[in-house]
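Engineer: got a sequence here, can you build the structure:
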Amino acid sequence: MEHKVKLNHFYRHKSDLGYIAFICKDYCTMVVREEEDKETINGVRQTKVLINRSEWDNMKTVNKKEVADVFPHLDIKQ
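Structural biologist: Now for the predicted structure:
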């Protein structure tokens with residue numbers, strides 16, 4: 001059974017921890033760092049990691065509470 005990643009859900013892949021920002025048939029991108037930057041259009045600068053579909057089975061789902069400190073602007077309270 002193939003692992004399905006979900007948009008905006010949190011995962012750990014290798015040493016990276018983040019949430020899925022984009023999914024297509026060949027790969028997904030995971031946001032691993034965000035910081036405030038008034039020079040950007042939305043005010044947040046992001047660092048993303050590209051994860052090939054062949055690696056999706058190696059991704060582990062992460063509880064939102066575990067990433068609250070990494071992504072404080074998301075206002076995670078669950």
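
Engineer: thought Asp26 was touching Arg53?
Structural biologist: Yes: with contact defined as C-beta atoms under 8 Å, Asp26 and Arg53 form a contacting pair (5.7 Å). To be clear about C-beta, it is placed using only N, CA and C from the backbone, and glycine gets the same treatment.

Engineer: let me know the helix or strand that the residue nearest the centre of the chain is in.
Structural biologist: In the chain, the centroid-proximal residue (C-alpha atoms, centre = their mean) is Tyr19; its distance is 1.8 Å. Assigned by DSSP states H and E, Tyr19 falls within strand 16-23.

Engineer: now swap in Asp69 and tell me
Structural biologist: Here Asp69 sits in a region with no helix or strand, counting by DSSP H and E.

Engineer: read off the pLDDT value for it.
Structural biologist: Per-residue pLDDT puts Asp69 at 76.

Engineer: measure how buried it is and give me the count.
Structural biologist: For Asp69, the neighbour count with other C-beta atoms under 10 Å is 8.

Engineer: where in this structure is pLDDT low?
Structural biologist: Within the chain, the stretches with pLDDT under 70 are 1-3, 72-73, 75-78.

Engineer: going along the chain, name the strands of it.
Structural biologist: Defined through DSSP state E, the strands belonging to the chain, from first to last, are 10-13, 16-23, 27-36, 44-52, 60-61.
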